[in-house]
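Engineer: Everything below, folded, please.
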Amino acid sequence: MVSKETLIKRMEKEIAEAKMNLGNEGAFLRSIEKVKLLCELLLDEDDGNDLTVRTDEPHVPKPSVQTSSYDEDDLNQRATSILDF
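Structural biologist: Here you go, the predicted structure:
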């Protein structure tokens with residue numbers, strides 16, 4: 001658990017960073033987002049809720065592999081031409 005003082009110091013650092021990047025919209029917004037997250041950490045800590053970071057990767061179904069029910073002899077007996085499939 002991170003102390004409240006540490007979180008507030010980090011917020012002050014990010015606010016100073018945001019002030020220096022007023023002309024750079026992207027860097028400014030990144031600093032403000034960090035301040036927002038730090039605020040949420042403080043608020044969640046006060047509520048007694050544990051903040052968990054999800055690192056789960058989305059579930060991707062694995063493709064199923066179909067096995068052939070034919071053996072090589074069956075295929076050789078059926079084929080009368082190279083164009084027979």
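Engineer: Secondary structure element holding residue 35?
Structural biologist: helix 25-47 (DSSP states H and E).
Engineer: Please list the residues outside that helix that contact it.
Structural biologist: Helix 25-47 is contacted by residues 1-2, 4, 7-8, 10-11, 14-15, 17-18, 21-22, 50-51 when judged by Cβ atoms under 8 Å, 6 or more residues apart in numbering. All C-beta atoms are positioned from the backbone trio N, CA, C, and that covers glycine.
Engineer: Identify the farthest-apart pair in those residues.
Structural biologist: Using Cβ to Cβ, the pair of the contacts of helix 25-47 lying farthest apart is 22 and 50, separated by 35.5 Å.
Engineer: Tell me the spacing between residue 23 and residue 40.
Structural biologist: 27 Å (Cβ to Cβ, to the nearest Å).
Engineer: neighbour-wise, which of those two wins?
Structural biologist: Neighbours were counted for residue 23 and for residue 40 using other Cβ atoms under 10 Å; residue 40 has more, 11 against 7.
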